[in-house]
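Engineer: Dropping the sequence and predicted coords here.
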Amino acid sequence: MTKALLVTEHGDRFVLAVRDIEVPAPGPEQVQVRVAAAGVNFIDVYKRQGVYPQDTPFTLGEEGAGVVEQVGSGVTDVSVGDRVAWGQAAGSAAELVNLPAALTVPVPDDLDLEVAAAAMLQGMTAHYLVNSTWPVKAGEIALVHAAAGGVGQLLVQLITAKGATVVATAGTPEKLEIARRLGAHHAIDYTGLSTDDLADAVREAAGRGVDVAYDGVGKATFDASLKSLRPRGMGVLFGGASGQVPPFDLQRLNQLGSLFVTRPSLGAYLQTREELLWRAEDILGGLADGSLKLDIGGRYPLADAADAYAALEGRATTGKLILTM
């Protein structure tokens, strides 16, 4: 038996419960991992709410890190005792998990497992956003909403490392200072700003329309993101922290300057084992050598998971939240 965080029915955070579950021996191509920490992410919220439908009850969590305790048949490149991390394995919020060996990546020896668990989903998300969805180039200008959040902090660092300019937004002076400290060239408090006022503030800071707008906030900022773009710029909607963006008339993209809009997901950017290793090794390696920094904004025991999701959904956090086992 092991303890796991279950979604007992679709709903708010109060449907979460820690229960004992049976974990069998790992099957073919699987490894069994003693989990050190699991990440707290909005995809968990979407699954709990039923936005991404899944039959209940189910174990929550997609992301984690730990030490391999058993390997199933056919596993050749992962061994007992290996330190591994993963970003897309359902049921990760548990003390002991079985998961496909192909979804795991090695954790550098000098990187803490809690940091590795905190980095995988959001780190690889930031990586594909700036390297694949819109490959950022030196001299470009990028808008990053919620720049003090887990993805936002990494976006700021990865974009500035490419020689591009970041216009960051956040909701408090403290969060704006975090964005500046990580390299943002301009920082805007979007609290209380209308769509037009926020877009005007972005354009004033940038000196023109931005080339790309990275928007994980969603409903509250999406229109401002579009109005902040230069002609033929791209709006990248990768999350909905403030709610889902409602359907809109595509003719608006014409009117605003032949804009592009995409709603990407991490899975589409991890199509091969090679792509997974590229993204994960870049992020974990950068954290290990100090060229990237990641702020763990809160550590919660499994029993306090509802509090962690309350903080996440209330947008009252900086950095990444994790559940510790």
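Structural biologist: Structure received.
Engineer: And for S291, the neighbour number?
Structural biologist: S291: 11 surrounding residues under other CB atoms under 10 Å. (Each C-beta comes from the backbone N, C-alpha and C, glycine too.)
Engineer: Use 41 as the first number for this chain going forward.
Structural biologist: Got it, first residue is 41 now, which makes that one S331.
Engineer: Give me the phi and psi for the residue nearest to M160 when sequence neighbours are not counted.
Structural biologist: Nearest-residue entry for M160: G127, 3.5 Å, with adjacent residues in sequence omitted and distances by CB to CB, 6 or more residues apart in numbering. Per-residue torsions, G127: phi -130, psi -10 (degrees, to the nearest 10).
Engineer: so what's G127 up against?
Structural biologist: Shown in contact with G127 (CB atoms under 8 Å, 6 or more residues apart in numbering): G79, E102, E103, L143, M160, L161, G163, M164, L306, A320.
Engineer: Same question for A201.
Structural biologist: Contacts for A201 (CB under 8 Å, 6+ apart) come out as S331.
Engineer: Next one, pLDDT for the residue nearest to M160 please.
Structural biologist: On the pLDDT scale, G127 is placed at 95.
Engineer: Repeat that for G359.
Structural biologist: At G359, pLDDT is 79.
Engineer: tell me the domain ranges of the protein?
Structural biologist: In terms of domains, the chain is parsed into 42-160+335-364, 177-303 (source: automatic domain parsing).
Engineer: Distance to T312 for the ones you listed - can I get that in CSV?
Structural biologist: What follows is the domains of the chain, written out as CSV (distance: least, CB to CB, whole Å):
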stretch, distance to T312
domain 42-160+335-364, 10
domain 177-303, 20
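Engineer: and R313, which of these is closest to it?
Structural biologist: Closest of the domains of the chain to R313 is domain 42-160+335-364, at 5.9 Å (criterion: CB to CB).
Engineer: what's near enough to touch A320?
Structural biologist: Here A320 is in contact with A125, G127, V145, M160, G163, M164 (CB under 8 Å, 6+ apart).
Engineer: tell me which element it falls in.
Structural biologist: Here A320, judged by DSSP states H and E, is contained in helix 313-329.
Engineer: quick one, phi psi at the residue nearest the centre of the chain?
Structural biologist: Among the residues of the chain, Q162 comes closest to the average C-alpha position under CA atoms, centre = their mean, at 2.8 Å. Backbone torsions of Q162, given as degrees, to the nearest 10, read phi -70, psi -30.
Engineer: what do you get for V75?
Structural biologist: Torsion angles, degrees, to the nearest 10, at V75: phi -80, psi 130.
Engineer: Bridged to the closest residue to it other than its chain neighbours, which residues?
Structural biologist: Ranked by CB to CB, 6+ apart and with sequence neighbours excluded, the top spatial neighbour of V75 is G106, at 4.2 Å. Beta-bridge pairing for G106 (DSSP bridges): V75, V124.
Engineer: Let me know whether G106 touches A76 as I believe.
Structural biologist: Yes: counting by CB atoms under 8 Å, A76 is a contact partner of G106 at 4.6 Å.
Engineer: Between those two, which contacts overlap?
Structural biologist: Going by CB under 8 Å, 6+ apart, residues that sit against G106 and also against A76 are L153, A157, M365.
Engineer: Top of these by number of neighbours, please.
Structural biologist: A157 (30 neighbours).
Engineer: Let's see the pLDDT reported for it.
Structural biologist: pLDDT at A157 comes out at 98.
Engineer: list the contacts for it?
Structural biologist: A76, A77, A78, G79, E103, G104, A105, G106, A125, I362.
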